Structure formats: structure tokens, C-alpha cells
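Undergrad: take this sequence and fold it.
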Amino acid sequence: MMPMTRKPLATATHAPLLLGATLLLFIVIAGALFLNLMRLRDSFSWVQHTNDVLLSLSGIQRAVLEAETNERGYLLTGIDSYSDGYRHAHDSLGSRLDSLRALVGDNSAHVARVDELRLYVDMRTAQLGRVVELGPERMREALDILEQARTDRLTERVEASLTAFTRVEQALLTERMLKHDSESLAAALITACLLILAVASAAIAAFLLEHQRAAARQQEADQRLQSLQAELMRVARLSTMGEMSSALAHELNQPLGAITNYVQGSRRLIEASSHPDKAKIGAALDKAAQQTLRAGAVIQRLRDFVGRGETDKSIESLRAIAEDALSLASVVTRDRPVDVSLALDPTADRVLVDKVQVQQVFLNLIRNAFEAMRDEPERRLRISSRPAASGMVEIVVSDTGPGLDAQINDRMFQPFATTKADGMGIGLSISQTIVQAHGGSITASTPAEGGTVFSFTLPRADNSDGHRETDAADPQRSICLRAKIGS
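TA: Predicted structure coming up:
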């Protein structure tokens, strides 16, 4: 029997490497996100800077307009509040221009524009200041100054400078907004692609890792199956040796007894004769009888040792033993699948047995059933159990084979009794020895519907006598497993 092994996929060994690559990819993603966020922050800062410049320009324009409005109001009404409003606007213009120059300090062209704007604003506010100083009392002189202002067109120059500056900043704001939007979109796309790649890599790595774990579990199960096969083969060889020793001891005892009788008869005959060497012949015959008796004693001790049936018993699960035996026996059904039904009573699952020896019993019966059903159109195997009297559990193994051969029906449990061309005829004999060593019994029968039924008993671990009728009557208390082996 060749051991069954399964090799894991070669790609499964790359799972840790792929997990490491995935972790590195997440680090790259984090770095890319950080760089994109920095670029977005810089882009947003420039947009905010342009908005600040536009707000400053708007504030200067409002301050100039406020100064002119208050100057005319004071000139026409002489109300001091207009004079105060003018002075407030005049004072704010200086600070606003300073703030604007600080904002555009990194752009020499803008600094030049601010200086030009400051020149026009200073000239215009100087005119407005003289008009306010003259006031309504010196209306004529104030009007001359206003006329001169219209001639110099300082207001138009201030407004033109502010308008040109504002248009430049608005164009710059539009450009920077477009750049900010494009960088945001690119950052989002790059991040999404990297995240998708990382998630896909992590999923593939997780799949390969799980496959590797499953392969490792399968390999472990295969190794356990191989060790179980080796142990069962060892026990089978030992049991076979024991059976053969017992059979040889039984067969040799009779000729040894006959030899002893012949030697003793010859001793009496030689004593009654007048042969001159009868003393020597008698001594030789005595020695032969002694050695024959000695050989018989040795064989009897060997037979007693084999027949004692000592076992290393422990509490085991009957279901686990049956499933292990099915796994071992399934190798002979690769090309001929068998429908297997395993229905074991859970109330009688714990048995006090030698696990390996009982596995050998199951294995012998299951293999015999598989081989008997090999050429049958309908191949079904059923293994069931139920509590029996005297603290025992009864196991029934039935198949749909051709049934028992009438030629060996009465001696099927004897050593070397077989109908197989390549069989040794010791499997059932070994099974009977093991069952009897556990205090049980084994029988075989052919039911009317056909097939073969083997029934044997084993001691229950709880050692309870009898069984409850409800246990067998309640189908909910039965553990059932139905599968097709060999498909």
C-alpha cells in the first residue's frame, strides 16, 4: 500500500513574501498620501494667498471710496462726523497698503504695482486732506482743489490701478484654482489605485496563506494516516505471527505426541528383545523421548503466551476508530466508489479497547466488504452500533456483496481459510482473536436480501448493563454519516 501524500501548491510558499510586499505597498501609499497632502496644502495656501490679496485690494478700494464720500459730506454739510470718517479711512489706507505690500512681497511686479498704487493714493488723499482742512468756510478754495483733482484724474488712476491689480489677481486665482483641482483629482486617483492594488494584494496573500494552512493541515492528516497505516501493519504482522504460531503449535503438538508414543513403544519392544545393544538403544530412546517432551513443553508455553490475549486498553471513541479505518480502507475503492453509511449510537460511543487492534478488526471487515462488492452493480456499506447486554456494545458491518461462500461458512474464522486467489486466510482469524481478547464475540451471516453481515461486541467504557429501549427507538439519538468513498 503506497502512502497517500499531497504537496501544497508552490505558490502557497510565496504568501509571506506577498504579505511583506503588501505591507511595503501600504507604506508607499502612506508616503504618497503624505506628499499629495503636502502638495494640496501648498496649492491651497496659494489659493488662500490670492484671496487675501483680492480682499486687501477690495478693502483699499472701499477705504478710498469712503474717504472721498466723507470729504464731500463734510464739505457740503460741515458735520464733524464726516471729518472723523475721512480721517479713519485715511488712516486705514496706510495700514491696508502696508499689508498688501507684505502679501505680495515675493513678487517684484506686484510690489511695483503696490508702490504705484500707493503713490496715486497718497496724492489723492493729500488733495482730500486739504479740502477737509479748508472746510465749508473756504468753499471757493476747496472747489478749486477739487477742480484741479478732476484735471489730474487721480481718482481714475487709483481706480484703474486697483482694477488692473484685481484682474491680475483674479486671473492668478483662476489658474491656481484649476491647478488645485487637478492636483486634488490626481491625488484621489493615485490614492484610489494604490488602495485597490493594496487590497487586492492583501486578499491574494490571505488566500494563499489560507491555502498554505489548509495544505499544511492536509499534510499533517496524511502523515497521521501514514503513521496509523504503519502501526496497523505492525499489529497485523504481530497478530499474523501470533496466529501462525498458535496454528503451528496446535499442528505440531499431535505429531510430537505421536513421536513420544512411538519412542515409548520402541523402548518397551527393545527391552523385551535379546538384542546385545539393547541398553545403548534404550538409553538413546530415553533421550529422544525426553527431547520430544521438551519440544512439546516449549510449544505449549508458546501457545499459552499467544492465547492469553493481553491488550493495552484505554477509553476510545468508537466513531473515531471506525472513521480512521474507513480512511485507511478507502484506498482500495479509487476506481469503484462505495456508498458508505455510518450510523453509530452516541450513547454507546465510548469503549474500553486497544485502539490499534480494534482498528485492525474494522479494517479487515471493511476491506473484505470492499473487495467482495468490487464487481457488484450496487455497492453499499453500512456500519451501525447499539448498546448490548452485559455492558457491551454491538457493532454491525453489512455489505451488498455476493454473500458468504458455503464451502468455508463453517470454518471462516479458522487460520488459512480463504476463497481469495491471493489471500492468506488469516484476517478473520486475527479479528476473532482480537475481539475475544476484549471479552467479546464475532459472528457472520447472510441475510435473505443478500450480502454479508458481520456482528461483533466490545466492552463499553461506562460498563452499564443492558440498554434502554428508547435509545434504539429514538432516531434523533443516532449519529449518522453518509458519504461515497472512492469518488
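
Undergrad: and the strands in the stretch 51-200 of the chain, which stretches?
TA: Assignment of strands within the stretch 51-200 of the chain using DSSP state E, counting those that start in this stretch yields no ranges at all.

Undergrad: how about the stretch 301-450 of the chain?
TA: Under DSSP E, counting those that start in this stretch, the stretch 301-450 of the chain gives strands at 314-317, 338-344, 350-353, 380-388, 392-399, 442-445.

Undergrad: any chance of the ones you listed in JSON lines, plus distance to residue 371, mean neighbour count and mean pLDDT?
TA: Any C-beta I mention is one placed from the backbone N, CA and C, and that applies to glycine too. Putting the strands of the stretch 301-450 of the chain into JSON lines (distance: least, Cβ to Cβ, whole Å; neighbours: other Cβ atoms under 10 Å; pLDDT from 0 to 100) gives the following:
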{"stretch": "strand 314-317", "distance to residue 371": "27", "mean neighbour count": "15", "mean pLDDT": "92"}
{"stretch": "strand 338-344", "distance to residue 371": "11", "mean neighbour count": "19", "mean pLDDT": "89"}
{"stretch": "strand 350-353", "distance to residue 371": "25", "mean neighbour count": "22", "mean pLDDT": "94"}
{"stretch": "strand 380-388", "distance to residue 371": "12", "mean neighbour count": "20", "mean pLDDT": "93"}
{"stretch": "strand 392-399", "distance to residue 371": "10", "mean neighbour count": "22", "mean pLDDT": "94"}
{"stretch": "strand 442-445", "distance to residue 371": "15", "mean neighbour count": "15", "mean pLDDT": "90"}
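
Undergrad: would you list the ones you listed in CSV and tack on distance to residue 275?
TA: Converted to CSV, those look like this (distance: least, Cβ to Cβ, whole Å):
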stretch, distance to residue 275
strand 314-317, 66
strand 338-344, 72
strand 350-353, 63
strand 380-388, 67
strand 392-399, 65
strand 442-445, 57
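
Undergrad: just checking, residue 458 is part of a strand?
TA: Yes. Secondary structure assignment (DSSP: H, G, I helix; E, B strand; the rest coil) places residue 458 inside a strand.

Undergrad: hey, what's it bridged with?
TA: residue 393 (DSSP bridges).

Undergrad: correct me if wrong: it contacts residue 393.
TA: Yes. A contact is recorded between residue 458 and residue 393 when judged using Cβ atoms under 8 Å, the distance being 5.7 Å.

Undergrad: please enumerate the shared neighbours of the two.
TA: 318, 351 (Cβ atoms under 8 Å, 6 or more residues apart in numbering).

Undergrad: which residue ranges form the helices in the stretch 351-487 of the chain?
TA: Using DSSP state H, counting those that start in this stretch, the helices found in the stretch 351-487 of the chain span residues 355-372, 427-437, 469-473.

Undergrad: what residue lies at the spatial centre of this structure?
TA: Relative to the mean C-alpha position of the chain, the nearest C-alpha, by Cα atoms, centre = their mean, is the one of residue 210, at 3.8 Å.

Undergrad: three-state assignment of that residue?
TA: Of the three states, residue 210 takes helix according to three-state DSSP.

Undergrad: for it, give me the pLDDT.
TA: In the prediction, the pLDDT value recorded for residue 210 is 82.

Undergrad: do residue 312 as well
TA: Model confidence at residue 312, expressed as pLDDT, equals 71.

Undergrad: do you know how far it is from residue 440?
TA: Separation of residue 312 from residue 440 (Cβ to Cβ, to the nearest Å) stands at 17 Å.

Undergrad: residue 276: which of the helices of the stretch 351-487 of the chain is closest?
TA: Residue 276 lies closest to helix 427-437 among the helices of the stretch 351-487 of the chain, at 53.4 Å (Cβ to Cβ).

Undergrad: could you pull out the buried residues of that closest one?
TA: Neighbour-count burial for helix 427-437 flags 427, 428, 429, 430, 431, 432, 433, 434, 435, 437 (criterion: 16 or more other Cβ atoms under 10 Å).

Undergrad: need the contact list for the closest residue to residue 451 other than its chain neighbours.
TA: Here the nearest residue to residue 451 in space, its sequence neighbours aside, is residue 400; by Cβ to Cβ, 6 or more residues apart in numbering that works out to 4.7 Å. Residues counted as contacts of residue 400 (Cβ under 8 Å, 6+ apart) are 373, 376, 378, 379, 380, 381, 450, 451.

Undergrad: which PyMOL command selects the buried ones in the residues you listed?
TA: Buried residues within the contacts of residue 400, by 16+ other Cβ under 10 Å, are selected in PyMOL with:
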select buried, resi 373+376+379+380+381+451
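
Undergrad: farthest pair within the contacts of residue 400?
TA: 381 and 450 (13.7 Å).

Undergrad: need phi/psi at the residue nearest to residue 451.
TA: Dihedral angles phi and psi of residue 400 (degrees, to the nearest 10) take the values phi -110, psi 30.

Undergrad: now do residue 450
TA: In this entry, residue 450 is assigned phi and psi values of phi 100, psi 170 (degrees, to the nearest 10).

Undergrad: excluding its backbone neighbours, what's nearest it?
TA: Of all residues not flanking residue 450 in the chain, residue 403 sits nearest, at 5.9 Å (Cβ to Cβ, 6+ apart).
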